[in-house]
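Asks: Sequence and predicted structure, then a few things I'm wondering about:
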Amino acid sequence: MTAATTPAEAVGQPRRGFTGGWSLGASLFVAPAVFLLAVFLLYPVVTTVILSFEPGLNNYIRLLTADPKFLDLGSFPPRGALFNNLLWVVFYTGGCIVAGLLVAVMATRVRYEAVIKAIVFIPQAIAAVALGVIWRFVYFPDERTGLLNAVLGVGGIDPISWLGSQSWVNASLIVAGIWGSVGFVTVILSAALKGISTEILEAARVDGATESQILRRIIVPMLSLPISVVAVTLVINVIKLFDLIYTMTQGGPANASRTIAFSMYQDAFASRNFDYGAAIAVIMMIILIPVMIFNVRRFRAEKVIQ
Amino acid sequence: MTVADTTVKAPARTPTERLMRMVGRAPVHIALVVIALIWLVPTIGLFITSFRPRGDIQSTGWWTIFAGNFDLTLENYNAVLGADLASQSMFDAFLNTLQITIPSTIIPLFLASLAAFAFAWVKFPFRDTLFLSIIAMLLVPIQMTLIPLSQLFRELGLIGTFFPIWIIHTTFALPFGIFLLRNFFITLPKDLIEAARIDGASTFSIFRQIVLPLSVPALASYAIFQFLWVWNDLLVALVFAPRPAGLPMTTQVGALLGTYGTEWDILAAASFLIMVVPLAVFFSLQRFFVQGLLAGSVK
């Protein structure tokens, strides 16, 4: 019998120091992962922060005061990647949640619920690159071949260059983004919706509540936790938003649709301005920190519930 | 059926009542049909377009095939698969995507499950501190690493190979994988693992013969999520995919958009080649797929 298999150890008697019942060698299980994370994640993060301060605060000052592509407070409404991302946070997140909740609530009332959820969920499987092509085609300015302009043409509306006009481009991109993400919201909220007791809803109906009152006064408050979780996820995604902008507009026209992540790629890798790109990445990280804190609290809360 | 049930639910019984209920629900059905159309039509439109001759695409909408303009061809797929439209063909790009995606799924699956097992079942110094540090890394945007990594890989002489892209996808998949799998592994019955230990099983054989076989659903969800993540990735590929012959399909379509921005015959066929594998995964493994994506929503 070897030392490793004595019953005394099996019940948890420590063999050496504070390693507990199992051998220290077992910590080699984590060694490959820790090595990769230290060298290819932690080290570059620290280097990026250092790089962004070369020289001094110059990159940050230029980004926030002298780069209209990143932030232009001189016009009204403001422009630039930072402001565009704010539009995304508000309208994309809001649009996804409203549409996702409505689809989830309506779908629970019909027998083909699973089919509707699957249809809305399909875009989740599609690469953002392909999603970008799909929507570039929908928005195509020629009313003979572009779907949206053809539909509007039936109503006598002249074709609009959705992605080619500075006033329409962000709204058009956000609609495409919402289309891509509603399925995710629907599936999560629909699962949460199943947790609301039907007795509560029936009682409200018997008391004469309208469907919109039930939605606003009962469903939304009872789903506030899953809704906030979904909102945080969407905000994180949108602050990292890159693929859709790259494929649909390349940040144009005239840089009107840039986002933070697109600016970071463009300035760091297309213009080879590494320290400037590093500063954009750091700003992105700083914006994400409050969202992350919320998320960490959520992990803790989930642990308590489990 | 009890009396209480009938008073609360009042189910429709007569044909008239049933009809009234159907009419009452008509707005819901209409709204859902409209929603289904909005979510299906853009994709179907591009799909139909990918089979239409070039001349037709430029002069008429895809919807005219329903009005008799029914002239379909495989020529577009032939063109993108065969011709070198942007330094390589879509077929080469498809092979590159496979070469990038398969190791970038298998390696993190293996390394994350090893580490997750230790975090769940092996005691070692600083275990909880290390686990929390890894969870914190879950939230680092990849943009925070790209610039130093491009310099690091150049110094290591790895630019022009698939190694940088494999390493980055593996590294960035680890925090999420360790988090997900560790939370699954700790739910496994403790008695089973203790019993194996008493029988003299080594730590590694417990991992391989007990923990992994019992965790297939979690491993499958993670693998599918990671597979689709890498398959659909554009940013890492733009920075690190070997040029000009090692580009995956996503960057290839990005390049086509620059050169053939309004040539929908090429773009439609190329886009569907990217989509075909994820859609096949979606329709065949929908359960794992949804679980993986939902679990992965934290990434």
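Replies: Sure, I can see it.

Asks: Now whichever residue of the stretch 101-250 of chain B sits closest to chain A: phi and psi?
Replies: Proximity of the stretch 101-250 of chain B to chain A (Cβ to the nearest Cβ) peaks at B:K123, 2.8 Å away. All C-beta atoms are positioned from the backbone trio N, CA, C, and that covers glycine. Main-chain torsions, B:K123, degrees, to the nearest 10: phi -90, psi 130.

Asks: Provide the count of other residues in contact range of it.
Replies: 17 (other Cβ atoms under 10 Å in any protein chain shown).

Asks: And B:P175, by the same measure?
Replies: For B:P175, using other Cβ under 10 Å, the count is 24.

Asks: B:P213 too?
Replies: As a burial measure, B:P213 scores 9 neighbours (other Cβ under 10 Å).

Asks: I'd like the secondary structure assignment at it, please.
Replies: Following DSSP: H, G, I helix; E, B strand; the rest coil, B:P213 is assigned to helix.

Asks: Mind splitting chain B into its structural domains?
Replies: Domain assignment for chain B by automatic domain parsing gives B:3-79, B:83-298.

Asks: Tabulate the ones you listed (a markdown table), appending mean pLDDT.
Replies: Shown next, in a markdown table, are those (pLDDT from 0 to 100):
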| stretch | mean pLDDT |
| --- | --- |
| domain B:3-79 | 82 |
| domain B:83-298 | 89 |
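
Asks: For A:V89, find the nearest of these.
Replies: domain B:83-298 (14.9 Å; Cβ to Cβ).

Asks: how far out from the middle of the chain is that closest one?
Replies: Taking Cα atoms, centre = their mean, to the nearest Å, one finds domain B:83-298 lying 9 Å from the centre of the chain it belongs to.

Asks: now do stretch A:239-248
Replies: 11 Å.

Asks: what's that stretch in contact with?
Replies: A:85, A:88-89, A:127-129, A:131-133, A:135-136, A:163, A:173, A:176-177, A:180, A:251, A:257-262, A:265, A:284, A:287-288, A:291, B:141-143, B:234-235, B:238, B:250, B:253-254, B:257 (Cβ atoms under 8 Å, 6 or more residues apart in numbering or on different chains).

Asks: Do me a favour and get the end-to-end distance for that stretch?
Replies: Chord length of stretch A:239-248, first to last residue, is 17 Å (Cα to Cα, to the nearest Å).

Asks: What residues sit buried inside that stretch?
Replies: A:239-248 (16 or more other Cβ atoms under 10 Å in any protein chain shown).

Asks: Restricted to helices, list the residues you listed.
Replies: Members of those lying in helices (criterion: DSSP state H): A:239, A:243-248.

Asks: Of these, which is the nearest to A:A81?
Replies: For these, the nearest to A:A81 is A:I245 (9.4 Å; Cβ to Cβ).

Asks: separation between that closest one and A:L288?
Replies: 18 Å (Cβ to Cβ, to the nearest Å).

Asks: Same check on B:A195?
Replies: 45 Å.

Asks: low-scoring pLDDT stretches of the stretch 51-200 of chain A, where are they?
Replies: Under the criterion pLDDT under 70, no range of the stretch 51-200 of chain A is flagged.

Asks: on that earlier part again, out of the buried residues of stretch A:239-248, flag the one nearest to chain B.
Replies: A:D243 (4.6 Å).

Asks: Would you mind giving me the confidence score for the closest one?
Replies: At A:D243, the pLDDT value in this model is 95.

Asks: Could you do the one 5 residues further on as well?
Replies: For A:M248, the pLDDT comes out at 95.

Asks: Could you tell me the phi and psi values at A:Y60?
Replies: Given degrees, to the nearest 10, the pair of backbone angles that A:Y60 has is phi -70, psi -40.

Asks: contacting residues around it?
Replies: Applying Cβ under 8 Å, 6+ apart, the residues near A:Y60 are A:52, A:279, A:283.

Asks: Of those residues - the most surrounded one?
Replies: Of all the contacts of A:Y60, the most densely surrounded is A:A279 (29 neighbours; neighbours counted as other Cβ under 10 Å).

Asks: contacting residues around that residue?
Replies: Applying Cβ under 8 Å, 6+ apart, the residues near A:A279 are A:52, A:59-60, A:63.

Asks: One more: A:P44?
Replies: Contacts of A:P44 by Cβ under 8 Å, 6+ apart are B:144-149, B:152.

Asks: my guess is A:R136 meets A:L163, correct?
Replies: Yes: A:R136 lies in contact with A:L163 (Cβ atoms under 8 Å); the separation is 6.8 Å.

Asks: Those two: which is more packed in?
Replies: A:R136 (24 against 20).

Asks: How is the more buried one classified with respect to secondary structure?
Replies: Classification of A:R136 by three-state DSSP places it in helix.

Asks: and it, what does it touch?
Replies: Per Cβ under 8 Å, 6+ apart, neighbours of A:R136: A:163, A:247-248, B:257, B:267.

Asks: Kindly provide the distance from the residue nearest the centre of chain A to B:P141.
Replies: The residue lying closest to the centre of chain A (Cα atoms, centre = their mean) is A:N237, at 1.9 Å. Distance, A:N237 to B:P141, by Cβ to Cβ: 11 Å.

Asks: Please identify which of B:A195 and A:L288 sits among more neighbours.
Replies: Per other Cβ under 10 Å, whichever of B:A195 and A:L288 has more neighbours is A:L288, with 19 against 13.

Asks: quick one: contacts for the more buried one?
Replies: A:236, A:239, B:139, B:141.

Asks: hmm, 6 Å instead?
Replies: Under the criterion of Cβ atoms under 6 Å, 6 or more residues apart in numbering or on different chains, the neighbours of A:L288 are A:I239.

Asks: Longest helix in the chain, please.
Replies: This is for chain A. helix A:274-305.

Asks: think we crossed wires, I meant chain B
Replies: For chain B, the helix that runs over the most residues, judged by DSSP H, is helix B:15-49.

Asks: Please report how far A:E211 lies from B:G24.
Replies: Separation of A:E211 from B:G24 (Cβ to Cβ): 10 Å.
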